[in-house]
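[1] Next comes the sequence, and after it the predicted model I'd like to discuss.
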Amino acid sequence: MRYTLPAVAIIAAALGTAAIAAPQMGSVSQDLKDAVAAPTRNPANTPRDKYRHPAETLAFFGVKPTDAVVELWPGGGWYTEILAPYLKKGRGTLWAAAPWPDGIKGAQNLRFKDSPTYGEVAFAAFPVWNEGEPKIRDNSVDVVLTFRNVHNWRMGYQRPDKQDYAPEAFKQAFAMLKPGGTLGIVDHRLPENASAERERTSGYIKTSTIKKLAADAGFKLVGESEINANPRDSADWASGVWTLPPTYRLKDVDRAKYEAIGESDRMTLKFRKPG
């Protein structure tokens with residue numbers, strides 16, 4: 001199953017206009033719409049919805065409010081702010097998992113317990129590298145999600161030796177999912193003809209690389225979407241994906257140009273654990 005970017009977005013790119021058309025696909029529930037509109041979201045985060053399409057993305061992954069969901073590497077909690085109220089409505093469960101203990105602090109700072117909009121959020125290590133770190137039980141969750149992180153694992157980010165640990169990360173994600181569970185991935189898309197070195201340094205990653213990592217771990221690809229595609233992004237920036245918003249690594253140099261391009265071109269892939 002593959003969803004394509006609407007023609008209106010492609011035409012807009014050809015004309016060089018700044019606006020990115022919102023993709024149309026499937027049915028987005030009222031519960032998802034309410035979660036995206038939750039007043040507890042950081043107002044600084046909502047302008048990025050036009051690039052990240054959270055409601056459409058979560059609908060594509062099939063996340064239900066009754067699910068047990070793990071968000072891998074939530075960072076500052078951009079998606080966590082949406083998942084927490086959404087899962088509370090259905091009495092689902094949300095885990096935030098990242099390198100322990102420092103990697104989880106951004107999500108912990110959202111102070112979920114202080115807001116009636118949020119449900120309980122549990123925290124765990126991912127990947128589990130050391131004995132005694134809190135681990136999500138094997139075969140215990142319905143959905144595992146990660147947004148713009150596989151390239152970090154490939155680049156060895158958060159490891160002192162900078163070695164690629166993506167295969168181990170996929171193996172651990174596979175283990176925590178129930179049979180039939182879903183792995184949803186969004187990441188910065190590197191053209192397939194780019195060099196292996198670009199994949200290790202640019203912040204982009206090839207779709208084929210993620211598919212192979214998933215297959216090697218035992219996952220089956222069940223869907224691809226162009227929800228988060230951006231045809232304006234050439235993915236060949238000397239300073240990598242961080243050239244584009246929201247990072248603007250070059251600061252004020254050509255800032256208007258990069259603002260007009262918008263956030264990166266992204267793949268959106270849905271995998272399933274067999275059984």
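    Structure's in. What do you need?

[2] In the stretch 101-250 of the chain, what residue spans correspond to strands?
    121-125, 141-147, 177-190, 205-206, 220-225 (DSSP state E, counting those that start in this stretch).

[3] For the residue nearest to K162 when sequence neighbours are not counted, grab the count of nearby residues.
    Taking C-beta to C-beta, 6 or more residues apart in numbering as the measure, K162 lies nearest to G156, with 3.7 Å between them; neighbours along the chain are not counted. (Glycine included, C-beta is placed from N, CA and C.) Applying other C-beta atoms under 10 Å, we find 15 other residues in the vicinity of G156.

[4] can you give me phi and psi for G156?
    phi 80, psi 20 (degrees, to the nearest 10).

[5] Show the model's pLDDT score for it.
    At G156, the model reports a pLDDT of 94.

[6] got a list of what it touches?
    Neighbour list for G156: 162-165 [criterion: C-beta atoms under 8 Å, 6 or more residues apart in numbering].

[7] What subset of the residues you listed is buried?
    Those of these that meet the buried threshold are Y165, by 16 or more other C-beta atoms under 10 Å.

[8] Using a markdown table, lay out the contacts of G156 together with pLDDT and distance to Q30.
    As requested, the contacts of G156 are arranged in a markdown table below (pLDDT from 0 to 100; distance: C-beta to C-beta, whole Å):
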| residue | pLDDT | distance to Q30 |
| --- | --- | --- |
| K162 | 90 | 45 |
| Q163 | 94 | 45 |
| D164 | 95 | 42 |
| Y165 | 97 | 40 |
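
[9] from the strands of the stretch 101-250 of the chain, which stretch is densest packed?
    For these, average neighbour numbers computed from mean count of other C-beta atoms under 10 Å are highest in strand 205-206, which has a mean of 25.

[10] State the distance from the residue nearest to K162 to S195.
    Using C-beta to C-beta, to the nearest Å, one obtains 17 Å as the distance from G156 to S195.

[11] Which residue is the nearest non-sequential neighbour of Y204?
    Excluding the flanking residues, the one nearest Y204 by C-beta to C-beta, 6+ apart is L190, at 3.6 Å.

[12] thought that neighbour was touching K206?
    Yes. Contact status for L190 versus K206: in contact at 4.9 Å, counting by C-beta atoms under 8 Å.

[13] Pull up the overlap in contacts between the two.
    Taking C-beta under 8 Å, 6+ apart as the contact rule, L190 and K206 both touch E199.

[14] follow-up on the earlier one: how much space between the residue nearest to Y204 and G103?
    24 Å.

[15] And the next helix or strand past the helix or strand bottoming out on mean pLDDT in the chain?
    Taking mean pLDDT, DSSP states H and E as the measure, the helices and strands of the chain show their lowest mean at helix 7-15, namely a mean of 37. If you walk from helix 7-15 toward the C-terminus, the next helix or strand you reach (DSSP states H and E) is helix 30-36.
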